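Asker: Generate coordinates for the sequence data below:
(4 chains)
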There are 2 protein chains.
Amino acid sequence: MPSETSFGWQDARDEALRRIRARDWPPGELIPNEADLAAEWGCARATVNRALRDLAEAGLLERRRKGGTRVVLTPLRKATLEIPVIRQEVVARGATHGYALIDRAPGPGPAEVCRRMGLAAGTGLLRVRALHLSDGAPHVYEDRWLNPAAVPAVLDLDLARVDANSWLVQNVAFTRGDLALGAVAADAAIADALRCAPGSAVFAMERITWTADQAITLVTQHYAPGYRMKTSF
Amino acid sequence: MPSETSFGWQDARDEALRRIRARDWPPGELIPNEADLAAEWGCARATVNRALRDLAEAGLLERRRKGGTRVVLTPLRKATLEIPVIRQEVVARGATHGYALIDRAPGPGPAEVCRRMGLAAGTGLLRVRALHLSDGAPHVYEDRWLNPAAVPAVLDLDLARVDANSWLVQNVAFTRGDLALGAVAADAAIADALRCAPGSAVFAMERITWTADQAITLVTQHYAPGYRMKTSF
DNA sequence: GTGCTTATTATGTATAGACATATTATCCGA
DNA sequence: TCGGATAATATGTCTATACATAATAAGCAC
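Answerer: Got it, this is the predicted structure:
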C-alpha cells in the first residue's frame, strides 16, 4: 500500500476512528459525506468508502443511503471466535491429540433433538459419543447426533478410528450453523468421560450445522473443568 | 447493485463459493488468478478482487501476493458474538432491566489482578460488585476491577444508580479487549447474588478492555444458571 | 551448488467517472 | 391536509487503468 505517497484507505479509517474516539464526531451524530471527506483528505471517494465501510462492519458506524453515515450510539463490540476443530486445536497447542469412541448407536432420534434439527419426530439418526484427549488427559466429551439423510456416508464411517468432527469438516460442505454456549453440571456420563466429579461445572458448546435447510449434525461438546475459550476484540 | 444488468461482486462470491463447495476448486488447490476469472465472468478485476477478499476474510480462501489464491484445507469457521451490554440485552428481549450495587471498594488490587491488567502489584483500583436483574430475577452478577488511572471519573461515579457496564460503553473509548469464556462453580458470593445453590454451574465471561496499552477494567460476569449465549455462523 | 541480483507475477490498492438504488425531502393536486 | 408523484442526495457498486508490493522464479557470478 502506498504509505508515504498517498492517503490510503487504512489512513482514512484510522483518521475516522480517531475522530470518533476523540468525540470529534460525537455518538449519534452524522459525519460529513464521502465526497466531502475525500476532498478534505485528498483521496478518491472509493477510498473513503472502503474506510467507512470497514468501520461500519466493525459496528462503529451506521450507514444508510441518502441518510448518510452516523456514529453508532453505543458501540456494540463484536468478538469473533473461531470454532475449533478439536484435533487441530490440540495439535496447534503442541499437545498430542487422542480420541476414543465411547458409543455409536443408530436409531430414532428423541423428539426434542429431531425438532431442533428440523426433522420429523422419530427420524433415524446416528448418535455418537466420543472423547477427545489432550496429552492423554480428557479434554472434550462430545455427544453428537448425525443425520444420515443429509450425509449417508457417516453410516459407513469407522468412527472408532476417525472422529466425526475432523471428518465432517473435511468432507461435508455446510453452509451455516447455530451455536450456543453455556455451563452445565456434569451428569454421570460426562463426569465419567472427563474423569471429574459429578456436578462439576463444565463449559458446553452446542452446535447445529446446516446445508441448505437440512441439518447435518447437532453436537454438544463438553470441555473438561477449568477450560476457558479465549479470543480478542 | 446491478443485479440483472451485470455480474456484481456478490455474484462472483456466490459463484466462487459454489465452486469451492462443489469441490470444483478442491481444498488446498490454487484457483485461477483474478484476471482470468474477471475475463471468464465478464467483469472487472476489482469485482473479482472484492469477492475473493470477502471469502478470504470468511476463512475459506488463502491469498498471497504472487503466490495466488488457494482454497483453505480445513475451513475454520468463525462465529461473531456480540459482546452484550447487559442492560441493552435485557431491554432488547422485552424484559425490564434492574440493577443493584452490591459492593464498592477502592483499594490496592490483588497481585494477580494487577498482573493481568499490566499494572504494578498493589496499584490502587476500584472493585465493584453488582447484580443485573431481568424482570426482577437475578440475571448477571458482575465482579469488576476498575483502573482509576485510566478513567479517573469512575471514582466520582454514583455506581448505585448507573451500572459501570453502560457507563463505560458510552463514556470511554477503548481500543481493544481480551475475552475468556468458561464455566465455574458458584461460590458463596455468586450463589448468594444469583440466588442459586452454591456449586451450581455458572457461565462466566471475563473481559479486559484496553485503551492504548492501559487497562481500563477487568470484569467477570456470571450468568444465572441455565443461560445460553447464542449466535450463528 | 551457493548466494546474489533481477525479472516476473498475482494480489493490493488508488483513481476518476459513471450509473444504480434507497431514502428522504419537496411539491402539487384533490 | 392528506396522499402521491417527483426531485434531490448519500451511499453502493462497476469499470478501466495505473502503480505498489510481496514473493517467487530465473539468471548469473563465483
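Asker: Give the rounded mean pLDDT of stretch A:17-29.
Answerer: Stretch A:17-29 shows a mean pLDDT of 94.
Asker: Can that stretch be said to contact chain B?
Answerer: Yes - counting by CB under 8 Å from any CB of the partner chain, chain B has neighbours in stretch A:17-29: A:20-21, A:23, A:27. Where C-beta positions appear, they are placed from N, C-alpha and C, glycine not excepted.
Asker: By neighbours, which of those wins?
Answerer: residue A:20 (21 neighbours; other CB atoms under 10 Å in any protein chain shown).
Asker: That one falls within a helix, correct?
Answerer: Yes - the assignment for residue A:20 is a helix, going by DSSP: H, G, I helix; E, B strand; the rest coil.
Asker: Correct me if wrong: it contacts residue B:173.
Answerer: Yes - counting by CB atoms under 8 Å, residue B:173 is a contact partner of residue A:20 at 7.4 Å.
Asker: would you list every one of the strands in chain A?
Answerer: Assigned by DSSP state E, the strands in chain A fall at A:61-64, A:68-71, A:78-82, A:97-108, A:124-134, A:137-146, A:176-185, A:201-211, A:214-223, A:228-232.
Asker: Please name every helix or strand in contact with the fifth one.
Answerer: It refers to strand A:124-134. Helices and strands touching strand A:124-134, by 3 or more CB pairs under 8 Å, 6 or more residues apart in numbering or on different chains; DSSP states H and E, are helix A:86-92, strand A:97-108, strand A:137-146, helix A:164-171, helix A:188-194.
Asker: Rebuild those as JSON lines, extending it with mean pLDDT and mean neighbour count.
Answerer: Shown next, in JSON lines, are these (pLDDT from 0 to 100; neighbours: other CB atoms under 10 Å in any protein chain shown):
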{"stretch": "helix A:86-92", "mean pLDDT": "93", "mean neighbour count": "17"}
{"stretch": "strand A:97-108", "mean pLDDT": "96", "mean neighbour count": "14"}
{"stretch": "strand A:137-146", "mean pLDDT": "98", "mean neighbour count": "22"}
{"stretch": "helix A:164-171", "mean pLDDT": "91", "mean neighbour count": "18"}
{"stretch": "helix A:188-194", "mean pLDDT": "97", "mean neighbour count": "18"}
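Asker: now for those, which one comes closest to residue B:82?
Answerer: Nearest to residue B:82 among the helices and strands packed on strand A:124-134 is helix A:86-92; the distance by CB to CB comes to 23.2 Å.
Asker: Point out where chain A drops to low pLDDT.
Answerer: Regions of chain A meeting the criterion pLDDT under 70 cover residues A:1-5.
Asker: List the contacts of the spatially most central residue of it.
Answerer: With distances taken as CA atoms, centre = their mean, residue A:83 lies nearest the centre of chain A, 4.4 Å away. Neighbour list for residue A:83: A:177, A:179, A:207, B:76-79, B:233 [criterion: CB atoms under 8 Å, 6 or more residues apart in numbering or on different chains].
Asker: how many neighbours does the closest residue to DNA strand C within chain A have?
Answerer: In chain A, the residue that lies nearest DNA strand C is residue A:8 (2.0 Å; CB to the nearest atom of the strand). Residue A:8 has 16 neighbouring residues, counting by other CB under 10 Å.
Asker: quick one: the nearest residue to residue A:138 once chain neighbours are set aside and chain B, what's the gap?
Answerer: Once flanking residues are discounted, residue A:138 sits nearest to residue A:194: 4.5 Å by CB to CB, 6 or more residues apart in numbering or on different chains. Plainly put, residue A:194 is 12 Å away from chain B if you go by CB to the nearest CB, to the nearest Å.
Asker: What separation do you get for residue A:194 and residue B:137?
Answerer: As judged by CB to CB, to the nearest Å, residue A:194 and residue B:137 stand 31 Å apart.
Asker: Equivalent analysis for residue A:51, please.
Answerer: Residue A:51 sits 44 Å away from residue B:137, going by CB to CB.
Asker: just residue A:125 next, same as before
Answerer: Applying CB to CB to residue A:125 and residue B:137 gives a distance of 35 Å.
Asker: residues of stretch A:37-49 that come out buried?
Answerer: A:37-38, A:41, A:43, A:47-49 (16 or more other CB atoms under 10 Å in any protein chain shown).
Asker: which parts of chain A sit against DNA strand D?
Answerer: Listed as neighbours of DNA strand D in chain A under the rule CB under 7 Å from any atom of the strand: A:1-3, A:5, A:31, A:33-35, A:45-46, A:49, A:52-53, A:56, A:63-69.
Asker: filter those by proximity to chain B?
Answerer: Within those, nothing lies near chain B by CB under 8 Å from any CB.
Asker: from these, which ones fall inside helices?
Answerer: Residues of those located in helices (DSSP state H): A:34-35, A:45-46, A:49, A:52-53, A:56.
Asker: okay if I get those residues as TSV plus distance to DNA strand C?
Answerer: Shown next, in TSV, are those (distance: CB to the nearest atom of the strand, whole Å):
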residue	distance to DNA strand C
A:34	10
A:35	10
A:45	7
A:46	4
A:49	8
A:52	12
A:53	12
A:56	14
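Asker: Spell out which parts of chain A neighbour DNA strand C.
Answerer: So far as CB under 7 Å from any atom of the strand goes, chain A lies against DNA strand C at A:1-2, A:6-11, A:38, A:42-47, A:50, A:64-67.
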